[in-house]
Each structure stands twice: as C-alpha cells, then as structure tokens.
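Everything below, folded, please.
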Amino acid sequence: MNIIVADVGGTKTRLIYVDVNGASNILYEARYPSEEFDDFNSLLKTFIHDSGLSSRPIDSLMLALPGLVSNTSARLTNLPWVVEKAALQDAFGISNVFFINDFQASAFGTAQLMDKDLVVLNPGAFSDSLYDNTTRVAVGAGTGLGVAWAQDDRGIAHAYDTEGGHIDFAPMDDPQIELLKFLQQRFGHVSYERILSGDGLVSLYHFCAGVQNDNISAEWVNQQANNDEAADRALSLFVQIYGAYIGNIALLFKPHGGIYITGGIAAKMINKMQSETFINAYLNKGRMRALVEQIAVYLVTNERVGVLGAMSEVIKMQNISLPKTSIQQE
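Coordinates of the predicted model:
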C-alpha cells in the first residue's frame, strides 16, 4: 500500500511517500517552498514527478493543512490556496484523501518523538493532581501561531485543533503595553499571532528599532542579534512573550503529558529559549506558579513532527500495523 503524506505550511511543505508493505517503508521525501506554487495540486504533481514513482498507484493521501479544515475542503490561513478533496481525487485518481489541521498533526506527532528530538525547557514534576490528565499540547510559532492538543484514551490517541494563536495579546509590563499600542495602530485587533510568528518578529524589530524597514525578515533579525541591539531586544521580547503565552497554555490545559514547542522559529533560537527570560516569564503566574512548575515544557528540534503525526494518524485510520521507528529517520 502506497501512502503520501504532506505537512503543508505557509513557508514550506514537507511530503513523504511511504510503502507500508516495503522493507524500508520510506520511498521518497522532499520539502518545497510553498509560495513557489499556485496551488497544492501543482505542488503534489511536482513531488510525484521528482520521486520517480509516477507509475505506482497512490492508495491514500493525507494532508495536514494550516487553517480551518472540513471533510471536503480547506481554505488556508497564510497561503492563497483552497484545497478540494474531490479535485485531488479526480486529478490524481486517489480514492482515499484525508484532511487534518496542521497542528492537529503536530499534536499526534508528539507521541512519535525520541529524546534526541527534544530540548527540555522546564522538566516538570510528578503531581498526583495531574496524573490522570494524559493531555499533550503542541504549540508553535512559524508563519502563524498554532495550538492543538492530544489525549490518549485506552491506548488510542485523539487530537483536536484550536485557533488559540488568535487569543488577544495580554501585555505584562509597561514596555509590552507600549508594544500593544504600537501594534494596535497597525492592525487594530492584536492577537498573539501578531507577535509570535515570522511577521511578528519583524514587527518587534520595528518597535525596538523605532524605524520601519520593509526589507528585513525574521531570519535576518535572528542572525543579526549579536551585532544589532534592536534585533537582540526584539528576540528577547519575543522569547519573553512566548514564555508568558506558554504559561497561559499550561494553565488552560494542565497537560500532564507536557507542552511541545514546535514551529520553525524557536528551534533557530535555542539559546534564547533556554534563557532565564523565557522560563521566568513562563513561571510568572502568581498564585499558580506551583502549577506551571509541575508541567514539562519541551522544545522540538525535529522539523518532521507534523508529517510524522499525520502519517501515524492515516496508518491508524486504515488499521495498518507499522512500527513508528520505521518512518522516524530521513
């Protein structure tokens, strides 16, 4: 049985082609810049051509998509794409096409990770009061800010997406109040995604530098932190607000299974994420400090968490027996 899984992102899309009956399982894997394609159909056509496997029938296709997903279609949040299940079935002759939210896939993927894929930001502690709560939460800043949670019920994982990235930003001190005013002038409504995202990091640089520069990117801000005072301040503010936001997620879900920070940004600033700036903001919950101390927080360094989660779900849906280690390595 041949399965293609795609983890679609606003910046890049990762695809994996698997033969669940094969000895090595992974037939082909690739990553493409999403913005280079007019729609997902053309991206998938390119992937199949590049794989050299166009003569093989595709039995199932699973897409992890950023945005509001229904059983038949999805309009993506940070890409001008509408993905239609019927159009994919007609164009590629695939009977079984499945959609899930991209962070729902990441939540599934947290169960597929190994120790080497994780950096511990807060170790957590055993708690009788949380022991029965099997919840795991995936949170990630990338092109946007996503949140999803998973629970295990009698050995079966269930994952649920949210729009938690669009929660109202809550400033914690005078500089953050000034940041809120700055962003309100730009956007009106200010959600956490306006800050905890690639574009958000650029906005933080504009705020810290006091100038508007349309030629910089989030990657530039990260790279210039050692040489540019405003870039360093922007990263520190980003990490501080991220820590406070993750602490809010800890209070909301009380996830005994931990919080997993995914997305492309945090993994590129590991030193900042391991700093006191992050952990102090995470723990700064007043009377609830003892609760958030008990909850483990991990930084995920494996960029394949979404595609691994989507693969595990489509395998489960079709009652296929496939060890998770067979698809973990590139």
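
what about the residue lying farthest from the centre of the chain, is that helix, strand or coil?
No residue in the chain sits farther from the centre than Ser55, which is 32.9 Å out by Cα atoms, centre = their mean. Recorded secondary structure, Ser55: coil (DSSP: H, G, I helix; E, B strand; the rest coil).

So what does it look like in phi/psi?
When quoted as degrees, to the nearest 10, the phi and psi of Ser55 stand at phi -80, psi -10.

so how far is Ile16 from it?
Distance, Ser55 to Ile16, by Cβ to Cβ, to the nearest Å: 19 Å. To be clear about C-beta, it is placed using only N, CA and C from the backbone, and glycine gets the same treatment.

domain assignment for the protein?
Following automatic domain parsing, the chain resolves into domains at 2-105+304-327, 114-301.

Quick one: the helices in the protein, in order.
Ranges of helices within the chain are 40-51, 85-92, 102-109, 174-187, 198-209, 218-223, 229-253, 270-273, 276-283, 289-293, 305-317, based on DSSP state H.

now, of those, which is deepest in the fold?
helix 102-109 (a mean of 31; mean count of other Cβ atoms under 10 Å).

now the angle between helix 305-317 and that one, please.
70 degrees (axes from the mean of the first three to the mean of the last three Cα atoms, to 10 degrees).

Which residues are in contact with Leu43?
By Cβ atoms under 8 Å, 6 or more residues apart in numbering, Leu43 lies in contact with 6, 13, 32, 34, 37.

again with Asp38
No contacts exist for Asp38 under Cβ under 8 Å, 6+ apart.

Just the pLDDT for it.
Model confidence at Asp38, given as pLDDT, is 95.

Next, find the distance separating it from Ile4.
Asp38 is 20 Å from Ile4, by Cβ to Cβ.

what does Gly164 give?
Taken as Cβ to Cβ, the span from Gly164 to Ile4 is 29 Å.

which of the two has more neighbours?
Taking other Cβ atoms under 10 Å, Gly164 and Ile4 do not tie; Ile4 has more neighbours (26 against 22).

Isn't that one up against Asp59?
No - using Cβ atoms under 8 Å as the test, Ile4 is too far from Asp59 to be in contact (9.2 Å).

Mind picking out the helix or strand in the chain with the poorest mean pLDDT?
Lowest mean confidence among the helices and strands of the chain (mean pLDDT, DSSP states H and E): strand 67-69, at a mean of 84.

partner strands of that one, parallel or antiparallel?
strand 73-76 (antiparallel) (DSSP bridges).

Average pLDDT for the partner strand, rounded please.
For strand 73-76, the mean per-residue pLDDT is 91.

Just the CA atoms from that strand would do, formatted as PDB, please.
Provided in PDB are the C-alpha atoms of strand 73-76 (Å, rounded to 0.1, in the frame of the first residue of the first chain):
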ATOM      1  CA  SER A  73     -12.100  21.300   1.600                       C
ATOM      2  CA  ALA A  74      -9.800  23.800   3.400                       C
ATOM      3  CA  ARG A  75      -9.100  27.400   2.900                       C
ATOM      4  CA  LEU A  76      -5.500  28.000   4.100                       C
END
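
Looks like Glu293 contacts Leu283 (just checking).
Yes - using Cβ under 8 Å, Glu293 is in contact with Leu283, at 6.3 Å.

Skipping its backbone neighbours, what lies nearest Asn226 in space?
With sequence-adjacent residues excluded and distances taken as Cβ to Cβ, 6 or more residues apart in numbering, Asn226 is closest to Asp232, at 7.3 Å.

Same check on Phe187?
Computed as Cβ to Cβ, 6+ apart, the closest residue to Phe187 that is not its neighbour in sequence is Arg194, at 5.8 Å.

number of nearby residues for that neighbour?
Neighbourhood size, Arg194 [other Cβ under 10 Å]: 22.

Spit out the contact partners of it.
By Cβ under 8 Å, 6+ apart, the neighbours of Arg194 are 169, 183, 187, 200, 203.

quick one: low-confidence ranges for the stretch 51-200 of the chain?
The model of the stretch 51-200 of the chain has pLDDT under 70 over residues 128-131.

which residues make contact with stretch 51-61 from outside it?
Contacts for stretch 51-61 (Cβ under 8 Å, 6+ apart): 1-6, 17, 27-28, 30, 44, 48, 88, 92-98, 314, 318.
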